[in-house]
Each structure stands twice: as structure tokens, then as C-alpha cells.
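# no FASTA, just this:
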């Protein structure tokens, strides 16, 4: 696994989901998933404790996580 990966861009790939073990990218600080086909925020994103920047713009998100602190922490 890519345990030291800090930045990842998955934008413009028609993605609808992320792998279940995606939350194991413990060093990830920046995740760009813009312009895909996500309809909900993948649950594995909540496990990314070092995440500082999260971009899910231009997707088909119907719901965001309920936790206001989650959203503020990750600058959604």
C-alpha cells in the first residue's frame, strides 16, 4: 500500500466510488476528486485523519456527512 502518499488527484475519471481500503492512506493530506460521478461522500474518507484539503466539486453529491466539524476540518 502507498503508506507515504500525501497528495492524490483522481479528478476527471468518471469515478463513482473509492476502494474500501482507501482509508488506509494514513499520510494523505490532499485529495482531489473533482469532476467525477460520486453521488455520496465515500465513507473511507472519514478515516483520513491527516487530510487537510478535500475537493469533491462538480460531482453529483446528494448528501454530505452530517458532522459540521467533519466538514470544517476537511474544508469541503
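Okay, I see it. Everything quoted here is computed from the prediction, not taken from an experiment.
# what's stretch 37-57 in contact with?
Defining contact as Cβ atoms under 8 Å, 6 or more residues apart in numbering, one finds that stretch 37-57 is touched by 11, 14-36, 59-65, 70, 74-76. Quick note: C-beta positions are derived from backbone N, CA and C, even for glycine.
# Restricted to buried residues, select the residues you listed in PyMOL.
Only the buried members of the contacts of stretch 37-57 end up in this PyMOL selection, burial being decided by 16 or more other Cβ atoms under 10 Å:
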select buried, resi 11+18+22+23+25+28+31+32+33+35+36+59+74+76
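# Kindly provide the distance from the residue lying closest to residue 22 once chain neighbours are set aside to residue 23.
Nearest residue to residue 22 in three dimensions, chain neighbours excluded: residue 44, at 4.1 Å (Cβ to Cβ, 6 or more residues apart in numbering). Applying Cβ to Cβ, to the nearest Å, the value for residue 44 to residue 23 is 4 Å.
# likewise residue 59?
If you go by Cβ to Cβ, the gap between residue 59 and residue 23 works out to 19 Å.
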